[in-house]
Structures are given as structure tokens and as C-alpha cells.
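Trainee: Using only what follows, build the 3D model:
(one chain, ligands or ions: 3)
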Amino acid sequence: MKILGLIGLLVSTTLANQLPLVNEPTLDDLWGEEWPFQGITSFAHLNYTKCLLDRDSNFDIGIIGVPFDTATTYRSGARFGPKSIRSSSQRQTSLRGFNTRANINPYQNGSIILDCGDIPITPMDNSIALKQMTLAFEELLINRKREGEGKPKLIALGGDHSITLPHLRSLKQIYGKISVIHFDAHLDTWSPKGYPSYWNSNQSEFTHGSMLWMAHNEELINDENNFHIGIRTRISGNDLKDFDDDTSQGWTRYSADDIWINGREGLDEIISNIYHKIGDSPTFISLDVDCMDPAFTPGTGTIEPGGMLPREVIYLLRGLERLHLVGGDVVEVSPSFDNAEVTSTNAAQVVYEILTSMIKSKLYNK
Ligand SMILES: *[C@@H]1O[C@H](CO)[C@@H](O)[C@H](O)[C@H]1NC(C)=O
Ligand SMILES: *[C@@H]1O[C@H](CO)[C@@H](O)[C@H](O)[C@H]1NC(C)=O
Ligand SMILES: *[C@@H]1O[C@H](CO)[C@@H](O)[C@H](O)[C@H]1NC(C)=O
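Mentor: Residues are numbered from 1 along each chain as shown. Ligands and ions are numbered 1, 2, ... in the order given. Modelled structure (predicted):
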């Protein structure tokens, strides 16, 4: 540095100050540094573009906020989920992003990862809202000319769980029927007919507990080889009919107890069963934060005691990295019920793990 400084001094003296000093700091040297707690908030300080407004925006993996919560059946508020997940993701940066479990830094592995902003969605009319979401996913996943290899993928930040439906609709057009791995305390394959009401419309069938039933009816997902992980919901009636309906829609259920009773071997067995059944079919991961225990995710709409630990969820997500992952979402973060950002921090970590597994998935599934 000293020598450079000296040369700089000589150069500037001989050229009579026509050139700047060689060691003069650039604006970026001076002001380009950003601490995790500063800056305008995008997911993990990623570059931010309103991708829906910019047809030239190019990403391998886009993070898209879906601030919609008027299909919830209990506590609402997940429309603020994307904001709070982004806020809690601030300690993630590309510089310090190495995932030691996966041996990879997802932010520095040659993939373009972009925060695509939020889909504007009306809270006044769900038929319009579903239309907006469906068009937006189509726009981002299908209608774009694209530079780079492979198909673009999205990780959606919910929003209530119904946002999975429009995402799956787009993926169907690209890949045909896909498998879904669904982390949740609840089935979400409930037929609205099971909850009859005098007051009904076609639109009232679209809820955060029926979207997987709709996905099955619309033939978006595989007829078998879909998996629930973390189930512990109460079910309706006096028998296991809800489970029978669920099975007939192609689902295998792992309960919250299945996750701990056989310890690590149990988890490994679940992972290997999933690989065995799904193979290299295109797969979507949908994670409702209520799959975790309310101790870790109190900030959500429909909490159920007795859930998974974050480390178990992370272990499972890590284990699924060899699947052909084509999309994912993290839903039901409702920050006004949260304490100390614990829910949104766990959600941001889950996004990071899905992102990591998606990048690795690309290495395995060329
Ligand atoms: C963000 O965008 C800038 C300007 O286009 C680019 O130079 C930079 O490499 C991008 N950063 C990341 C992490 O993609
Ligand atoms: C991505 O990570 C893999 C595994 O660590 C490594 O082999 C590869 O070189 C990385 N690619 C880039 C472009 O950094
Ligand atoms: C629901 O949609 C079907 C088919 O489009 C239509 O025939 C029916 O009248 C609708 N029902 C209500 C309650 O709107």
C-alpha cells in the first residue's frame, strides 16, 4: 500500500494533479459497505426488482412476496408475512451465506437470485385475488423470455396457505402433474362439502384448508406420492374419514410424533421413503410454519401444540436436496402474533434451506 501510495504521489505530482491519486478511495470503498441491520429491506439483502413490472428482469430463483390472507379460517394477518420474513432475513448475506450442512453458499453458486418484490393482491374480493395471483405466477414462470440455463423458479413468501394453488397452476403448465411435500400441522386437503353452510358460493370453497383439495381436483398434483409432514390436527366426525379422503387424493401422512419417536433413524427413513416414491419427478415444497411447535412459531394463524423442532425441519429439508425441486413456499407467518421475531426468523431460515436445496438440486438434476 505504501509503495502504491508513493507511486500515486509521484504520478499526481508529475501530471500536475490532472489525474486523481491512485489510492483515492472510490465511493464504493467509502460508502458501499452495508451492515446487516441497515439498508432498505429485501430478502437477505438480495438485489430487488419489481419483476412483474420489468419484463427484462432475469432470475434463476426469484423470491416473491404474496401478501394475501383473506382465505384464512381463524386468525388472519399473514398478509404481513412477506414484510416480516424479509425483515428477519437481514442477517443472511451473500458474503456470510455458506451453509455448512450443505457445503455450499447458495448466494454464491452461479445462480441469479433476485428478490422480485410482492404481487399486488386485493383484500376485497377473493375471486379477483386468485386471478391476480394466478396471472402473476404465470407471468414470472411462463411468459418470460429468458437468459441462462434451466427454467426459472420461485420461492413464495406467504400469505396464507391458499397462495400455493396459483403457484401449482403455473407449475402444471410447465411440468405436468408434480409431487408436493407439505410440512404442516393440518391436512389442507379438506373438501368444502365437509363443512356445509347455507351461505356458500364457488368462491367460498377457496380457503387455506382446501387448496390442496382444489389442486387435486384441478389435476395439478400427482395422483400418488405426495407427503404431509408434521400432521397433528384434530379431524372431523367420529372416524378417520378425513384421512381416507386424504389418502384417496394421493397423500402419505407423517405425523408430528413420527418425527421424534424414532429419532434420527426415523427421519432418515422418512427421507429415504420420499426418494423411493418420488424419484426424480418434479417436486414442490410447501411449508406452513405451524408444522413447528408453537414455541418456535407462535406468530401464525392456527397454532397446534406438539409440533416439530426447527432443527428437525431443517434436517428434513437438507435431506431432500437431491429431489428435482421446482418451487416452494413458506406460508402463514402472521407477525402480529409473533414474539421477538421468532416465527419470522425460523421462516427466513427455512427459505434459506429451501434455497440451498434448490441450488444443490440443480447440481444433481442437470
Ligand atoms: C446486484 O446488481 C448489481 C447491479 O446490476 C450487480 O452488479 C451485482 O452483481 C448484483 N448482485 C448480486 C448479488 O447479484
Ligand atoms: C457450487 O457448489 C458446488 C458444491 O460445493 C461446487 O462444486 C461448484 O463449483 C459451485 N459452483 C459455483 C459456480 O460456485
Ligand atoms: C359454481 O360454478 C358452477 C360451474 O361454473 C355453476 O354452474 C354454479 O352455478 C356455481 N355455483 C354457485 C353457488 O355460484
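
Trainee: going forward, measure contacts and count neighbours with C-alpha atoms only.
Mentor: OK.

Trainee: So which residue is smack in the middle of the chain?
Mentor: Geometric centre of the chain, nearest residue: D329, 3.0 Å, by C-alpha atoms, centre = their mean.

Trainee: what is that one paired to in the beta sheet?
Mentor: Taking DSSP bridges as the rule, D329 bridges to A156, S286.

Trainee: Quick check: the gap between the closest residue to L165 other than its chain neighbours and T189.
Mentor: With sequence-adjacent residues excluded and distances taken as C-alpha to C-alpha, 6 or more residues apart in numbering, L165 is closest to M211, at 5.8 Å. With distances taken as C-alpha to C-alpha, to the nearest Å, M211 is found 7 Å from T189.

Trainee: quick one, what contacts the residue in the chain positioned nearest to ligand 2?
Mentor: Here the residue of the chain nearest ligand 2 is N109; by C-alpha to the nearest ligand atom that distance is 3.7 Å. If a contact means C-alpha atoms under 8 Å, 6 or more residues apart in numbering, then N109 has I359 as its contacts.

Trainee: try 10 Å
Mentor: Shown in contact with N109 (C-alpha atoms under 10 Å, 6 or more residues apart in numbering): 356, 359-360.

Trainee: neighbour-wise, which of the residues you listed leads?
Mentor: For those, the largest number of neighbours (other C-alpha atoms under 10 Å) sits with T356, at 26 neighbours.

Trainee: Surely it is in a helix?
Mentor: Yes: assigned with DSSP: H, G, I helix; E, B strand; the rest coil, T356 falls within a helix.

Trainee: Name the nearest residue to it, ignoring sequence neighbours.
Mentor: T356 sits nearest to P106 (C-alpha to C-alpha, 6+ apart), 5.1 Å away.

Trainee: for G158, same thing?
Mentor: Sequence neighbours aside, V331 is the residue nearest to G158 in space, at 4.1 Å (criterion: C-alpha to C-alpha, 6+ apart).

Trainee: Counting neighbours, what do you get for the one you found?
Mentor: Neighbours of V331 using other C-alpha under 10 Å come to 30.

Trainee: Quick check on it: phi, psi?
Mentor: In terms of degrees, to the nearest 10, the main-chain angles of V331 are phi -130, psi 170.

Trainee: That concludes my questions; thank you for your assistance.
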